[in-house]
Every structure is written in C-alpha cells, then in structure tokens.
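Visitor: Got a sequence here, can you build the structure:
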Amino acid sequence: MLAAFVVGLLIGLVVLGWWLFPVEWTDATPGQLAEPYQQAWVRAVSELYAFTNDTMMVQQAMGGWPGDVTGDQVACEMAAVSTDSSEQARLEAVAGIVNGGAGCSGVAAVPQEGGGTPADAVAEEGEEGGLPGWLLPAILLLLLLGLVVGAIFWLLNRRNESSEASVSLEPVYGEDLTRSAAATAAIMAAQDEADVTTVPIARFHTTYTFGNDAYDDSFSIENNNGEFLGECGVGIAETIGGEVPKKVTALEIWLFDKKDIRTITKVLMSDHAFFDDALKAKLAPKGEPVLAREGETIVLETASLIINAEITEMQYGGDSGYPSQSYFERITVSLSAWAKEEGAVPASSGQIDDLMDF
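Guide: The predicted model follows:
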C-alpha cells in the first residue's frame, strides 16, 4: 500500500503535474504578477503617461489590483528608492492619479520579507534567480520518499526478526506420539529378532474420499503358497454432524489373524477428535487411539502377522461450519503385511509393542 502511494505520488505530482500538464496562468492582472514585473509595469505606465497625459489610461492600467498591494503603493515605493528626479516625478504623478490626488503622502510602504526595500528585493530576486522553482518541492519529495522506503525496510526487518524469534515447529503432542530415528531402528532390529520376513508378503492401498459413506475396505492376506493367513482393512469409525455426506472424523485400521483369537484395531483420529476428550473416550473401546499425520506409520501385530499402515496422503475438509481439522476430505493408507516364522516370539510379550506405543 505504501509503495502504491509513493508511485502514485510520483506519477501524479512530478510526471503529470510538473512535466506533462504543468499549471499555466493566462489573463493575469498586474497585481497578480511577481514584484519585479509589477515594477516594470508601473514604470512603463509612468513613462507612457509622460508622453500622452492620458489619465484614463493610467486609471485603467493601475486600478483594481487584487490583494494587499495597490498600484500607487508600488509607484511610491519605486519613487522613494529612485535616484532619477524625473522618474520620481512620473511615479508620484501616476500614484496621485490612482489614489485621487493624494500622491505618495500617507501611502503605506509595501512590506518586504526581511525588512528590505523593493530595490533590495529585486536584487535578491536576481541573485536567487538561478535556482529553479521546482527544486525545493523536489527535495522535499525525495526526503519523503526516503522516509517511506526506510519505514518499509524497518517493518520488513521487524517482521523477519519476529519470524526468527518464533519459528514455527511441528506440534509435539507428547512422547507417546513422537517417533525418533533411534526408535525406528530399534523396531527394525526387533523385527529381525522376531524372525519376520524382510519382504512383505502383501501390500494393499486404500483411499477414503469425502462422500464415500459406505467406505469399508478389507483385504485377504495369503502367503506365497496361497494359504489364507488372515485379513486386514480400513473403515469408518466415527463421524460428526448429521449431514450427508458424512463428516468422517475417525477411521479404524484392523488386523485379523486366523492363528490368534484377537482382532487388533487401532483408531486413526483427526486432530479435532484426538484432542476432544469426549470423542476420545467414546472411541476408546474400539481400539488404541492414534493421531492421523501424513507420513505416520501405525503397527498392528498378532501372533503370526505384522501390519505396517502408513498414511501416504491426507487432507482435511474445509467446511466453515465445523471445527478446523475435524474431518477428512481425503486420506490414503498403504498396508504392508509380514508373516512371522514358526516359533517366533510374539510381540505381545512386550518387545515390539513397547517400542511402537505411540
């Protein structure tokens, strides 16, 4: 906004006002002229009167001056400083015609800046005539421009300092939600110790998009020989509001193992749902709550299977009638399944679950 103001000021005042369309005066009266030109006018009238004795011409040329200075005042001031007696007589005669015969007696002197005489003013005008009239406004404009530019730089520096002082960091929701590189390495080591196959036996991708109210994907897990080992899947766990399409605020990721009596479920919750105590308590019986974050990996493990569910894409809905980050617009989960070797130590004994308790 400041930049636009400065540019507009430069274009309007300098380019248009002083250069392309400067102010021009026409039909000015003698009283509207500068002082040297007023004196030249009065001198010319007095010399013409000396030849013609035309009082009507003098009254028309010298009468009706606008402003505080009248023609007879200028004539009397010029007569007072003139060293030519003939010129003094001509000027006093002109003054007498203008003021009805009073002449220069009792005529107030024309005020001059600095207390000088009209002759001094003419001399000073001649000395200062080398300075163009636009120089002072141009200097003031440059000073104003410098102040505006300085203020802009100062504001930008303050803004940068504020940004550096309050660097935006990814929200930390507690140690149970943070996975470090060391924890990831420990998980991989634990999987190796549990004799989990290094290559997943199956990979699945599932995507929920807003409006799919019947979303419930499930996948069959089989080994290389085609033997059925179990199932996994993702479905809707909770919605908010009563509108259609539904506003899904939580999904459930589940794993079924034919060799295990349990079905492991974890609830993938939006930011709003995770930090809403009432919703969190309502969903607690369905499974362990997990905050949905893009790039996050959720581990589900049974007696003979391990599922890594990675959130590869996530986008929240933007309906202004609902809290921020309260329901999913789109979310994609990649499921990778591993089979444990016979005789492997189950993770339920505490090794991997403790590492992945986030």
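Visitor: what packs against the longest helix along the chain?
Guide: Criterion DSSP state H: the longest helix present in the chain is helix 135-165. With contacts defined as 3 or more C-beta pairs under 8 Å, 6 or more residues apart in numbering; DSSP states H and E, helix 135-165 has these neighbours: helix 2-9. C-betas here are computed from N, CA, C, even on glycine.
Visitor: Only the buried residues of the helix it packs on, if you could.
Guide: V6 (16 or more other C-beta atoms under 10 Å).
Visitor: 14 is where my numbering starts, stick with that
Guide: Fine by me, first position is 14 from now on; the one you just mentioned is helix 15-22.
Visitor: Mind listing residues that contact that helix?
Guide: Contacts to helix 15-22, defined as C-beta atoms under 8 Å, 6 or more residues apart in numbering, come from residues 154, 157-158, 161-162, 164-165.
Visitor: Quick one: buried ones out of the residues you listed?
Guide: L154.
Visitor: right, and the pair among the contacts of helix 15-22 with maximum separation?
Guide: L154 and I165 (16.5 Å; C-beta to C-beta).
Visitor: Helix or strand: which one has I110?
Guide: helix 98-111 (DSSP states H and E).
Visitor: what does the average pLDDT come to for that helix?
Guide: Mean pLDDT, computed over helix 98-111, is 81.
Visitor: Just confirm V27 contacts L155, I think it does.
Guide: No: with contact defined as C-beta atoms under 8 Å, V27 does not count as touching L155 (10.4 Å).
Visitor: Looking at those two, which is more packed in?
Guide: V27 (15 against 10; other C-beta atoms under 10 Å).
Visitor: how about that one, what does it touch?
Guide: 151, 154.
Visitor: Roughly how far does it sit from R216?
Guide: 69 Å (C-beta to C-beta, to the nearest Å).
Visitor: for G334, same thing?
Guide: 38 Å.
Visitor: try R103
Guide: 115 Å.
Visitor: go on, S339?
Guide: From S339 to R216 the distance is 31 Å (C-beta to C-beta).
Visitor: more crowded one of these two?
Guide: Neighbour count, other C-beta under 10 Å: between S339 and R216, S339 has more, with 20 against 11.
Visitor: in a strand, that's where E326 is, yeah?
Guide: Yes: assigned with DSSP: H, G, I helix; E, B strand; the rest coil, E326 falls within a strand.
Visitor: ok, and the closest non-adjacent residue to it?
Guide: Counting by C-beta to C-beta, 6 or more residues apart in numbering, the nearest residue to E326 once its immediate chain neighbours are dropped is T345, at 4.0 Å.
Visitor: what sits against A108?
Guide: 84-85, 88-89, 92, 115-117, 120 are the contacts of A108 under C-beta under 8 Å, 6+ apart.
Visitor: do the same with E174
Guide: Counting by C-beta under 8 Å, 6+ apart, E174 has no contacts.
Visitor: low-confidence ranges in the chain?
Guide: When residues are selected by pLDDT under 70, those of the chain lie in 77, 79-81, 119-147, 149, 175-211, 355-371.
Visitor: Please repeat the previous calculation with a cut-off of 50.
Guide: For the chain, the stretches with pLDDT under 50 are 127-142, 179-193, 207-209, 356-371.
Visitor: Helices of that one, start to end?
Guide: With DSSP H as the criterion, the chain has helices spanning 15-22, 48-65, 68-75, 84-94, 98-111, 131-140, 148-178, 194-206, 284-287, 290-296, 364-368.
Visitor: Stretch 245-259: end-to-end distance?
Guide: One end of stretch 245-259 to the other measures 23 Å (C-alpha to C-alpha, to the nearest Å).
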